[in-house]
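Undergrad: Turn this into a structure:
(one chain, ligands or ions: 2)
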Amino acid sequence: SPSDPDLVERARRAKERLGDKVFVLGHHYQRDEVIQFADVTGDSFKLARDAAARPEAEYIVFCGVHFMAESADILTSDDQKVVLPDLAAGCSMADMATAEQVAECWDVLTEAGVAEQVVPVSYMNSSADIKAFTGKHGGTICTSSNARRALEWAFQQGEKVLFLPDQHLGRNTAVRDMGMSLEDCVVYNPHKPNGGLTADELRAAKMILWRGHCSVHGRFSLDSVDEVRARIPGVNVLVHPECRHEVVAAADHVGSTEYIIKTLEAAPAGSKWAVGTELNLVRRLANRFAPEGKEIVFLDRTVCFCSTMNRIDLPHLVWALESLADGKLVNRIEVDKETEAFAKLALERMLALP
Ligand code: 13P
Ligand code: SF4
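TA: Ligands and ions are numbered 1, 2, ... in the order given. The predicted model follows:
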């Protein structure tokens, strides 16, 4: 829907009043009405890397979800304040791994006698607590654009990986990109005693996958792929690695949001694409590339927006910017010092990956 011109003008004016004091970051899944005000847009990796790009900015307004704002706080100086325009913008996947559950899992691995061989690799889509656990136990963070390099690094440090919290990204990277077999992977279910696994299963596994998933990408199915191939002959199927393994295995191209954009930029005129990722991004790309004769459709018309990404709308952004311009700090995301120190260790290991 077109943005309310009155709100657009208010956002523009508030940003102008703030000048260099504000730096607005926007994830690719944000609404059009919000993304137009971002100074930098990107996938999770690019936004983590660029968060510290404007040390002179007092405020970083993060148009994305809570774990991204936490990471930006961890990676920037203490004088910079990170603001999330709506505090209800969480992530259902990140919520699937709590600090208590992960501590319990580590006890299970210790009991089974495998903990010392395990290196944790945590997806960016996790709370600061989980990132701190990862740092404390010698592990690294990864995003969908460097998961393979993170796993390769981890297997140089130890024999097994505990991959948190997205089982699909972990499995897809291990099996599709690194040639491991499905049998090398086991799933740890935090709602079952001992994760639902025997000590023997833990000893045999190379990848211990946390039972978490993205509620948006989890809804694309093999039927979605079959249906779109039947409907659009010659279509290229391009999906995010948070999709289920059978969807990724049936797709032609797999990658992060930044990869999806680059792939479509490079696509020839006349090509047809079915894209399996969040709807705001797919719609924006479909509109952007239609004049170049590239046909882009949503992989499954029954899947909808990421509801928490969509929490950040123009009214919330205007409110945050106007408050800051009036000297009122609102919705600050601040990670406590101890958590920050260990989480930073894990994030810096990711940023140092080759
Ligand atoms: P990327 O932008 O890193 O591909 O992440 C996708 C995602 O689901 C973020 O929540
Ligand atoms: Fe979380 Fe999925 Fe939404 Fe990304 S798209 S914020 S992983 S629920």
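Undergrad: Next to ligand 2, which bits of the stretch 251-354 of the chain? Give me the list.
TA: 278, 306, 308-309 (Cβ under 6 Å from any ligand atom). From N, CA and C alone the C-beta is placed, and that goes for glycine too.
Undergrad: now check the helix or strand where residue 26 lies, is it near ligand 2?
TA: Using DSSP states H and E, residue 26 sits in strand 22-27. No - on the criterion Cβ under 6 Å from any ligand atom, strand 22-27 is out of touch with ligand 2, staying 8.1 Å away.
Undergrad: which residues are in contact with that strand?
TA: Contacts to strand 22-27, defined as Cβ atoms under 8 Å, 6 or more residues apart in numbering, come from residues 15, 34-35, 37-44, 47, 50-51, 53-54, 57-65, 68, 72, 257, 309, 321, 324.
Undergrad: Show me which pair in the residues of the stretch 251-354 of the chain next to ligand 2 is furthest apart.
TA: 278 and 308 (10.7 Å; Cβ to Cβ).
Undergrad: What about residue 346, how many residues nearby?
TA: Residues within reach of residue 346, counting by other Cβ atoms under 10 Å, total 27.
Undergrad: Please report how far residue 318 lies from residue 6.
TA: Using Cβ to Cβ, to the nearest Å, we find residue 318 at a distance of 9 Å from residue 6.
Undergrad: Compare those two and say which is more crowded by neighbours.
TA: More crowded of residue 318 and residue 6, by other Cβ under 10 Å: residue 318, with 23 against 10.
Undergrad: what comes up buried for the helix or strand bottoming out on mean pLDDT in the chain?
TA: Using mean pLDDT, DSSP states H and E, helix 44-50 stands out as the lowest-scoring helix or strand of the chain, at a mean of 94. Buried residues in helix 44-50, counting neighbours by 16 or more other Cβ atoms under 10 Å, are found at 44-48, 50.
Undergrad: ditto for stretch 229-247
TA: 229, 235-245, 247.
Undergrad: taking the residues you listed one by one, which sit in helices?
TA: Mapping those onto helices (DSSP state H) picks out 229, 245, 247.
Undergrad: can you map out the helices along the stretch 151-300 of the chain?
TA: 167-172, 199-204, 222-231, 245-250, 257-266, 279-289 (DSSP state H, counting those that start in this stretch).
Undergrad: State the pLDDT value of the residue of the stretch 151-300 of the chain found nearest ligand 2.
TA: Using Cβ to the nearest ligand atom, residue 214 is the residue of the stretch 151-300 of the chain that sits closest to ligand 2, at 3.3 Å. You'll see residue 214 listed with a pLDDT of 98.
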